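Chemist: Following is a predicted model, sequence given first.
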Amino acid sequence: MSTWQFHTPDGVNDILPESCAAKRKLENNLRDLFCGRGYQEVETPGIEFYDVYAAGGGLVPQEGLFKFFDEQGRILSLRYDGTIPVARLAATVCREAEPPLRYAYVGNMYRYDEFGGGRQREFTQAGIELLGSQSPEADAEVIAIAIAAAQVCGIKDLQISLGQVEFFRGFLVEWGISGEEAELLPLLIDAKEMVALEELSDRLQLPSRGREILLRMASGYGTFDLLDEMTSLVSHPDSLAALQNLRDILTILDDYGYLHYVSIDLGMLGGLDYYTGVIFKGFTYGLGFPLFSGGRYDGLVGLFGRDLSATGFSIGVNFILTALSRQNLLYSPVEGIVYLGYDPGLRASAFSRADQLRQEGMRVICDHRNQTPAMLRRQIKAEPEARAVWLDADGRLTWLEKEV
Amino acid sequence: MNFLTIALAKGRLADQAIELLELAGYNCAAAKTETRRLILEDQANGLRFIMAKPADVPTYVEYGAADVGVVGKDTLLEEGRSLYEVLNLGFGGCRICVCGRPELMGRLDSIPNKRVATKYPRIAREYFEIKKRESVEIIKLNGSVELAPLIGLAEVIVDIVESGRTLRENGLVVLETIAEISARMVVNRVSMKMKSQRINPLIQAVRQQLENKGTRTKEVIE
């Protein structure tokens, strides 16, 4: 007997009827939302050439990719994320499409490195990309759709943090920090490692204004007030432009009516390196990870040969399910099954009557065991949601009572 | 949902953490009861303590099973989890070092492909492979690591050094220091945002205590 025939591999699992129905419902809600906002769904292949993810010196850690070979010895990889394939697609097969382009996707992603505590190696992500617009309106549109996405899935408690990677890049230039320290610093800020930050500041001999900026990056929260405070502390034009960009985006989000969900966190510097402007993450209760994340990545499409600015986000459908169930909000009313019973001679008629009932929205199974009405009444007693209907020789349908 | 869950590393670190939390004005009676229970709840104050194996504390906190954790920096380095590391609590101080026979002093870099015995394979690998750009063979052991160089299993070890007594008694010396270690307070990245009204005062109160004690400690979240 083979040892593994009864198992699924680590990090993947079967999705059983109840959760599958809830998951499909969420996916459809998200599809409808994206579609209604003018985003066209695309489906990129489940398998990509490894080179797609290795573009630009490696867009994702190679340890994270599921890899195998084709018959010509080329390295293939399972789809790791939605954004990079869409960037490839926008720059290649859709290169003639006139920007701005609005694409959406819902699909399974595969990550070798993420496993445990609610994270699976196979998971479903939904997301959008808005390509060809550099305006803060475009960023705010994407953030607003991310908030709406959480809402249409039933998430009520939501907090969004906004950051801006250019702010930090300006800081590095302003204070002449480069090399090893420039690589270490964002990690320390991102992890709020205040002790190590202080030590590094000593080593860099940062004056008090520089230290104050670092401190506020790692620990400051707020909206316009924090932006004003930071504006008074920095002088590099890139940092100032980043703050103005956040101010513009906040102003637009206020018009969407979403300002109360949002706060500024300039210390968000971890994660994918391809972001070039605003970045954001959405949080809710019951989930140790961000529910969604996204941002601006103006250099990515260029790696595939088309100069196109871009902004987008993705949301983890499995994460939404986890959060909903932990917040006791998961409710998936599935209409009960209707069993249609009939005498053996009436099968043709039963099939067409069943179709009529399905037209009315019922889920109908023709009872091919040819049970009597009494047996059907007994069967639906055992299945609380189920109902049964009897087709008699005159073509009449009679609803059966559950056996008491 | 309104519970604040604190994961403590069972043992001396937990005792010191509880002492500090009490000084900071948090009632830890629940956590101090003599019991074998692993989850200790204080309904009145909305606190829940999880007693975990030290190496598991970062895992609980990363996955959000606990909002806050108290654990040694050595464990944090070894586990490499994505957390906020908000306070240096000062206690549990020691160093993580490369140790070996005294004749290796100053000659460490001249041994190619050395064998490194350690309880901390990740820290050892990061130090030699990433920082020193040197290929090594890591031998994972679970205790009494000092044995390895004595019986020729490895050239050097990577281990925690507190007083240095075990090293001395076994004829070993510290060759290089990798990092200074002490207990840290860590916070889940989502809890920091979603439960900031409870976590920020906790951090503030503990930091205040540390400053009162004059322990060299630094900052955090307003």
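Modeler: All right, it came through fine. Numbering: from 1, shown residues only, chains lettered A, B, ... in the order given.
Chemist: all contacts plus neighbour counts: C-alpha atoms, from now on.
Modeler: Will do.
Chemist: A:Cys94 versus the closest residue to chain A within chain B, what's the distance?
Modeler: Here chain B gets closest to chain A at one residue, B:Gly64, 4.1 Å apart by C-alpha to the nearest C-alpha. B:Gly64 sits 41 Å away from A:Cys94, going by C-alpha to C-alpha, to the nearest Å.
Chemist: Those two: which has the busier surroundings?
Modeler: B:Gly64 (22 against 13; other C-alpha atoms under 10 Å in any protein chain shown).
Chemist: Model confidence at the more buried one, what's the number?
Modeler: If you check B:Gly64, the pLDDT there is 88.
Chemist: helix, strand or coil for the residue nearest to it when sequence neighbours are not counted?
Modeler: The shortest distance from B:Gly64 to any non-neighbouring residue, by C-alpha to C-alpha, 6 or more residues apart in numbering or on different chains, is to A:Gly288 (4.1 Å). Secondary structure assignment for A:Gly288 (DSSP: H, G, I helix; E, B strand; the rest coil): coil.
Chemist: again with B:Tyr127
Modeler: helix.
Chemist: sec struct for the nearest residue to it once chain neighbours are set aside, please.
Modeler: Using C-alpha to C-alpha, 6+ apart and skipping the chain neighbours, the partner closest in space to B:Tyr127 is B:Ile178 (7.2 Å). Here B:Ile178 is strand, with the state taken from three-state DSSP.
Chemist: how many neighbours does B:Ile178 have?
Modeler: 17.
Chemist: residue contacts, it?
Modeler: B:95-98, B:127 (C-alpha atoms under 8 Å, 6 or more residues apart in numbering or on different chains).
Chemist: between those residues, which is closest to A:Gln120?
Modeler: B:Tyr127 (29.6 Å; C-alpha to C-alpha).
Chemist: Residue ranges in chain B under the pLDDT threshold?
Modeler: B:1, B:214-222 (pLDDT under 70).
Chemist: By residue count, which helix of it is the longest?
Modeler: Across chain B, the helix with the greatest residue count (assigned by DSSP state H) is helix B:196-212.
Chemist: Flag every buried residue along that helix.
Modeler: Residues of helix B:196-212 classed as buried: B:199-200, B:202-210 (neighbour count, 16 or more other C-alpha atoms under 10 Å in any protein chain shown).
Chemist: and what of stretch A:198-212?
Modeler: Applying 16+ other C-alpha under 10 Å to stretch A:198-212 flags A:198, A:200-201, A:206, A:210-211 as buried.
Chemist: want to throw the buried residues of helix B:196-212 into TSV with distance to B:Lys114?
Modeler: Below are those laid out as TSV (distance: C-alpha to C-alpha, whole Å):
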residue	distance to B:Lys114
B:Ile199	45
B:Asn200	46
B:Leu202	45
B:Ile203	43
B:Gln204	45
B:Ala205	47
B:Val206	43
B:Arg207	42
B:Gln208	46
B:Gln209	45
B:Leu210	41
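Chemist: Show me which of those is closest to A:Asp228.
Modeler: Proximity of the buried residues of helix B:196-212 to A:Asp228 (C-alpha to C-alpha) peaks at B:Asn200, which lies at 22.6 Å.
Chemist: that older thread, in the contacts of B:Ile178, find the pair that's most separated.
Modeler: B:Arg95 and B:Tyr127 (14.0 Å).
Chemist: Centre-most residue in the chain?
Modeler: Let's take chain A. A:Ile315 (1.4 Å; C-alpha atoms, centre = their mean).
Chemist: Switch to chain B, please.
Modeler: Geometric middle of chain B (C-alpha atoms, centre = their mean) lands on B:Gly72, at 1.5 Å.
Chemist: Surely that one is in contact with B:Ala179?
Modeler: No - using C-alpha atoms under 8 Å, B:Gly72 makes no contact with B:Ala179, being 11.9 Å away.
Chemist: Tell me where the chain has helices.
Modeler: As the question left the chain open, I've gone with chain A. Under DSSP H, chain A gives helices at A:17-36, A:50-54, A:83-91, A:136-152, A:165-174, A:179-190, A:194-204, A:208-219, A:224-233, A:237-256, A:317-326, A:347-359, A:373-382.
Chemist: Switch to chain B, please.
Modeler: Using DSSP H, helices in chain B cover B:12-23, B:29-32, B:57-62, B:73-79, B:121-125, B:147-150, B:165-169, B:189-194, B:196-212.
Chemist: Please identify the buried residues of the fourth one?
Modeler: For helix B:73-79, the buried set under the neighbour-count rule, 16+ other C-alpha under 10 Å, comprises B:73-79.
Chemist: quick revisit: for the helices of chain A, which one sits closest to chain B?
Modeler: helix A:208-219 (4.6 Å).
Chemist: Show residues contacting that closest one.
Modeler: Against helix A:208-219 from outside (C-alpha under 8 Å, 6+ apart): A:175, A:189-190, A:192, A:194, A:197-198, A:201, A:230, A:233-234, A:265-267, B:220-222.
Chemist: A:Leu215: neighbour count?
Modeler: 21.
Chemist: per-residue confidence for it?
Modeler: A:Leu215 is given a pLDDT of 88.
Chemist: what does the one 3 residues further on give?
Modeler: Here, the pLDDT recorded for A:Ala218 equals 88.
Chemist: same deal with A:Leu33?
Modeler: 98.
Chemist: Please name the residues that touch it.
Modeler: Neighbours of A:Leu33 in contact, by C-alpha under 8 Å, 6+ apart: A:148-149, A:152.
Chemist: Would you mind checking these for buried ones?
Modeler: A:148-149.
Chemist: Which of the contacts of A:Leu33 sits closest to A:Asp394?
Modeler: Using C-alpha to C-alpha, these come closest to A:Asp394 at A:Val152, 46.7 Å.
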